[in-house]
Every structure is written in structure tokens, then in C-alpha cells.
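Trainee: next comes the sequence, and after it the predicted model I'd like to discuss.
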Amino acid sequence: MKKILIIQNKRIGDVLLASLIATNLKKVFPDSVIDYMVYDYTTGVIEQNPAIDNIIEIKEKELKKIPVLLKTAFNVRRKKYDIVVDPYAKFQSRVITLLSGANTRIGFKKREKNPPLPFYTHNISFLKEKSKPCGKSIEDRVHLVTSVYDIKNPVYEPKIFLTDKEEQYDKLNQYNKPVIMFGILGSTPQKSMPYDYIVKLIDFVTENYDVYALFNYAPHQKEDAQTIYNQCKHKEQIIFDIYEESIRGFVLLMNKCNLLIANEGGTVHIAKALNKPTFTIFSPYVLKEHWASFEDGKKHTSIHLLDEKPDLFSTDREQRKKIEEDPTFLYKQLTPDIIIPKLDAFLRQHFQ
């Protein structure tokens, strides 16, 4: 029986996507025990996953302390894993992987021109370009496994698993219209649209569709969410008093919504893993080909400034200066007038 450890010390979306490593390793080693080491606030997207036997929770800030890192590494070593997979290849995860003592250590080779580092026995190159509808980020993670082990039919679709009790989540039962989850704020300012743009999108949806809008945001963004809500015209169609602070709570809430409209991020991957339609607004600073997954223009679609105004991404010196002086410069160019026609076409497919 193989003992396997996957280390994904990154954020929610990455943890969900990297769960495919466990899914595919179970196809190779069905009797294996697979442990998944993640930050404690991300576990909600992998609970109940049948490919993951144990979730090892770590604290992000604590792991950056050298004594804690070394203690964690030696705890891992004592468990005598046969295989360790490190899809993020961060300093902390590299140290844990190297000190694990595992005979098979798999990770990405971050710089092609440099010689392989000793952290891994298998240094895997990133794919040069995507070839599947799942997007490059997912394809790269599955590639970590298929580069080492022969898998006839790899799994490329992340899934979130719910218990029967969780399926009975009832906080939206009182609402008799479709509910649209709005991811109104990105995880960082660089992933968030200007507030007045967000308000215009919400107003467009609530004016033209007989639906409720439900806001999603991080707990520390509540004041910003309130500011956006105060500017909206149709507050009677906005559900503002239902909110889940935990990731698992959000999963249950999203599972009862009809679809998601959001800035690109973990919530989009969660909605897709729950088989919910998504409209994604990409930050101009994010590579769409890496993170846009399963887009068919119907169930899943997105918008990126590069597709609409490619000239803005020129290497012109004056243009670069504008971007450097104002990190939100490019996002301001992705106006509601550009987004709304594509959003309207998406919504008409689902509500008319």
C-alpha cells in the first residue's frame, strides 16, 4: 500500500484544482492512502473528496517561521511517505518535500534553462501551451501525474462532494425566483473592478431579469460590499442578509444558486466544480488561457480586456508608464458597456 502526500500551500482555487492530483493518483494506486496538506482556511473545497484520505491543515503565517517549517518537515518524514507531490513548488513546500525522505518526489521545474534542483526526483516541465478545454492550470497539474505514471483516461474536471445532509441546505428556500451569486469583489484590488462598474452590472441584471442577486465577498470586505449595496437601484432584489463566512458554507450556498457572475478567482472554480454555470470577468493582469476552464460560450463564458482591446497590451513605453503609475488603469478600460452585451447573451441562455 502506497503512502502519498500532496502539498498545496496556496489559496482556495489552487487547492481545488490540485485535488485532481489525488483523483488521478487513486486511479494508479487505488489502495493507497493519500494525505493532502493545505492551509487551514482552504479545506472546505476538499472535504468529503473520496480520493483524499486525510487532510493535514497548516497555518500560512506559522509555516513561514523556520522552526515551524522544520518541525512540519520532520513530522512528514516520520510518516514515511512513498510519494510526495508538490504542485506549487514554494520554498516551504520544497523543503518539506526534500526532507520527507520519499523515494518519489514530484514537482515542477520552474526555470527550464537552470539545472534541476535536488528537491524532486522528477522535475516536470510546465506545458508550453494548453491543448484541452480544462485550461492550462488544470492541464499542468494533471500533467504532473501523467508524466510519471501511465493513466489511460485522466480526470480533468475538479469536483466538490457534498453529504446528503449538506444537500439539504435551506437558507435560500424562502426565495421563489432564481438566485444569482455575484462575486462582487476580487481577492485583491488587482482582481476587482471599480465599484461603480460593479453597481452598473448589478443594476442591469436586476432591471432586466426576474431574479435575486446574492453578494459574495471575503469577511474583511464587508464594508466595501455595503458601499456597493448602498449604490444599487433595486435593493428589493438583492439578498444582503445571507452570508457564509467559511468556505464550506459558501460551497453549500453556491450549490443552491442558479449561476455565478464573478471576478476570476476561487469562487469561479467552486461554482464549476458544483456544475453551476459561470460568467467570469477576468482581471486584465491574469492570463486567461491559464485559468479559463471548460468555456463553451454557453454554460461557461468569460470576458477579458485582451480579447476586446488588444491594442492596450502593446509594449509602447508610454502605455507601460500608465500601467505602472496606476495598477487599476487596465481594469478601468473594461467598462460595463463592453461587458453587458456579452453578459446579457449569457443570461438569456439561462433565463429565457
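Mentor: That came in fine, so what should we check first? Numbering: from 1, shown residues only.

Trainee: looking at the chain, which helix or strand does the model trust least?
Mentor: Ranked by mean pLDDT, DSSP states H and E, the weakest helix or strand in the chain is helix 317-325, scoring a mean of 62.

Trainee: pull out the buried residues from the helix or strand following that helix.
Mentor: The first helix or strand that comes after helix 317-325 along the chain, using DSSP states H and E, is helix 329-333. If you call a residue buried by 16 or more other Cβ atoms under 10 Å, then helix 329-333 has these buried ones: 330, 331. Placement of C-beta: from N, CA and C, glycine included.

Trainee: buried set for the very next helix or strand once past helix 329-333?
Mentor: Tracing the chain past helix 329-333, the next element assigned as helix or strand by DSSP H and E is helix 336-351. Within helix 336-351, the residues that count as buried by 16+ other Cβ under 10 Å are 336, 338, 339, 342, 343, 346, 347, 350, 351.

Trainee: then stretch 254-264?
Mentor: 254, 255, 256, 257, 259, 260, 261, 262, 263, 264.

Trainee: which strand or helix spans residue 21?
Mentor: helix 12-28.

Trainee: after that helix comes which helix or strand?
Mentor: Beyond helix 12-28 toward the C-terminal end (DSSP H and E), the next one is strand 33-39.

Trainee: elements contacting that next one?
Mentor: strand 3-8, helix 12-28, strand 54-58 (3 or more Cβ pairs under 8 Å, 6 or more residues apart in numbering; DSSP states H and E).

Trainee: between the ones you listed, which one is nearest to residue 221?
Mentor: Residue 221 lies closest, by Cβ to Cβ, to one member of the helices and strands packed on strand 33-39: helix 12-28, at 14.8 Å.

Trainee: keeping just the C-alphas, turn the closest one into PDB.
Mentor: This file holds the C-alpha atoms of helix 12-28, laid out as PDB (Å, rounded to 0.1, in the frame of the first residue of the first chain):
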ATOM      1  CA  ILE A  12      -8.600  28.100  -2.400                       C
ATOM      2  CA  GLY A  13      -8.800  27.800  -6.200                       C
ATOM      3  CA  ASP A  14      -5.400  26.200  -6.400                       C
ATOM      4  CA  VAL A  15      -6.300  23.600  -3.600                       C
ATOM      5  CA  LEU A  16      -9.500  22.700  -5.500                       C
ATOM      6  CA  LEU A  17      -7.700  22.300  -8.900                       C
ATOM      7  CA  ALA A  18      -4.800  20.400  -7.400                       C
ATOM      8  CA  SER A  19      -7.200  17.900  -5.800                       C
ATOM      9  CA  LEU A  20      -7.200  16.300  -9.300                       C
ATOM     10  CA  ILE A  21      -3.700  15.100  -8.500                       C
ATOM     11  CA  ALA A  22      -5.200  12.900  -5.800                       C
ATOM     12  CA  THR A  23      -8.100  11.800  -8.100                       C
ATOM     13  CA  ASN A  24      -5.600  10.600 -10.700                       C
ATOM     14  CA  LEU A  25      -3.200   9.000  -8.300                       C
ATOM     15  CA  LYS A  26      -6.100   7.000  -6.900                       C
ATOM     16  CA  LYS A  27      -6.600   5.600 -10.400                       C
ATOM     17  CA  VAL A  28      -3.000   4.500 -10.400                       C
END
